[in-house]
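> Turn this into a model:
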Amino acid sequence: MTTTTSHPSESEGVPDGGAAPRPPRLIQNEATTEIPVHLLFRDGPDPVSVPLRPTVVARRQGTGEQPRLRQPVQPTPRPVPEMDPDLVERPARVLPGAAGVLAGACGAAGCLATSWWAGVLPPSAVEALALPAFAGAGLGPVQWAAYTGAGALGLFGLGGLVRGRTGRAWVLGLFGRYRGTVRRTGLLWVNPLVLRRRVDVRLRHWRSEPMPAADGNGVGLRVVVLVVWRVRDTARALLGVEDHETYLRECVEAALARVPVEMPGGSRGSVEAAGETLTRLVVRDAEAVGLEVFSVRPVRVEYAPEFAAAMHRRRIAALDAQQRATVLTSVVDSVEDTVTRLTVRGLVELDDYERKALVKDLTVAFCVGRGEAGA
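Take a look at the predicted model:
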């Protein structure tokens, strides 16, 4: 006989033929979210997306559930600061050198004519220049004004003459404002009132002094690097930073502090990877000041003085252990080959004890022979 017992909470208040009651909650503070059914089954060609607000699920009290760990937010790398957008190299307005020479000649001719007009030109000079005789009007205000104008024209013309050379450029500034860059070669005329600063734009290489670095294990090193670079934007290189060569050196030092460098004798791939990483970092930092870096390569790597003695002893010990392992492997192979040949050809018949004794004697003999040969 079977007795059916119903739970009071399940049978109470439920009409006959009705739906099954909802099971009681196993967790008292359980919370659920109901999703309307019509949002799950939509036949429209372009369903409207329902935005869902992100929620952070924490540990629920009394459930024993472990809190969900949030993924650490990676810091966004700070971009390299940009320079003034107006501080970009542009060509300056210059004239051919012939214009300055012509202005200087006109100024000199004006001074000579004014002297003849004032009557202060010596008779010998008048005869040499085949000028007509003239008593002269004397030095009056008009003559002094003519002297001033002619002299200013001559000085302005001759004072603006410059020589442009291949691989050199002139950065011009007037009253603290950038006026342009002159990359032309030959004899040129530049406004003598502007400030001229010469800059080398050729391809240059710089061999650094020993800089501090570290390998993959954190051992201190001293590294000498070779940097191939040139000035690409003269305005930013001279006006955007106090000293672009010092800035480049500091960029190389900062890159060496972040990139591990391997000692010579390591894998070729690691050395090339270190050079490429150094080049990429220095290129990114130097681009902001108008410098174009082509390569940054370590040319000499050595241990720092405080680590040199210890690492030297460690390397000698490693080489000695490697040599011993090589010698032992060679001796074992020779002993094995000798014993195998003796037994296979039937020259001797050995039991286990005799075989072990023979192997021991041959090993000692070969090791002594190798030692004498090495000595």
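
> which stretches of the chain have low pLDDT?
1-85, 133-137, 265-269, 308, 311, 370-375 (pLDDT under 70).

> quick one, what contacts L158?
Applying C-beta atoms under 8 Å, 6 or more residues apart in numbering, one finds that L158 lies in contact with G100, V101, A103, G104, G107. Using the backbone N, CA and C atoms, a C-beta is placed for each residue, glycine as well.

> in the helix or strand hosting it, what's buried?
Secondary structure assigned from DSSP states H and E places L158 in helix 141-159. Residues of helix 141-159 classed as buried: Q143, A146, Y147, A150, L153, G154, F156, G157, L158, G159 (neighbour count, 16 or more other C-beta atoms under 10 Å).

> A130: what secondary structure?
Per DSSP: H, G, I helix; E, B strand; the rest coil, the secondary structure class of A130 is coil.

> That one: neighbour count?
Neighbourhood size, A130 [other C-beta atoms under 10 Å]: 6.

> do the one 10 residues further on as well
Number of residues near G140 (other C-beta under 10 Å) recorded here: 10.

> any idea how far A152 is from it?
According to C-beta to C-beta, to the nearest Å, G140 and A152 sit 19 Å apart.

> May I see the buried residues of stretch 244-257?
Buried-residue list, stretch 244-257, by 16+ other C-beta under 10 Å: H244, Y247, L248, R249, C251, V252, A255, L256.

> State the helix or strand in which the second one lies.
Using DSSP H and E, Y247 sits within helix 244-258.

> can you give me how far that helix is from the chain middle?
Computed by C-alpha atoms, centre = their mean, to the nearest Å, the chain-centroid distance of helix 244-258 equals 9 Å.

> Show me what that helix is packed up against.
If contacts are counted by 3 or more C-beta pairs under 8 Å, 6 or more residues apart in numbering; DSSP states H and E, helix 244-258 sits against strand 204-207, strand 211-214, strand 220-231, helix 268-286, strand 291-303.

> And the fourth one, what's buried?
Going back to what we said before, that points to helix 268-286. V271, A274, G275, T277, L278, T279, L281, V282, V283, D285, A286.

> number of nearby residues for the closest residue to the fifth one other than its chain neighbours?
The spatial neighbour of L278 that comes closest, neighbours along the chain excluded (C-beta to C-beta, 6 or more residues apart in numbering), is V296 at 4.2 Å. Other residues lying near V296 total 29 when counted by other C-beta under 10 Å.

> need the helices and strands packed on helix 244-258 in CSV with distance to T326, can you?
Output for those, formatted as CSV (distance: least, C-beta to C-beta, whole Å):
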stretch, distance to T326
strand 204-207, 39
strand 211-214, 31
strand 220-231, 29
helix 268-286, 23
strand 291-303, 26
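
> Out of those, flag the one nearest R315.
strand 291-303 (9.6 Å; C-beta to C-beta).

> and that closest one, which strands flank it?
Sheet pairing here is set by DSSP bridges, and for strand 291-303 it gives strand 220-231 (antiparallel).

> any idea of the angle the strand it pairs with forms with helix 244-258?
For strand 220-231 against helix 244-258, the angle by axes from the mean of the first three to the mean of the last three C-alpha atoms, to 10 degrees is 140 degrees.

> measure stretch 183-202 end to end?
End-to-end span of stretch 183-202 (C-alpha to C-alpha, to the nearest Å): 12 Å.

> can you pull the buried residues of that stretch?
Those would be R183, L188, W189, V190, N191, V194, V201, for stretch 183-202 by 16+ other C-beta under 10 Å.

> Please enumerate residues in contact with it?
91-92, 94-101, 155-157, 159-174, 179, 182, 230-231, 234, 237-238.

> Narrow the residues you listed to those in helices?
Taking DSSP state H, the ones among the contacts of stretch 183-202 that sit in helices are G97, A98, A99, G100, V101, L155, F156, G157, G159, T234, A237, L238.
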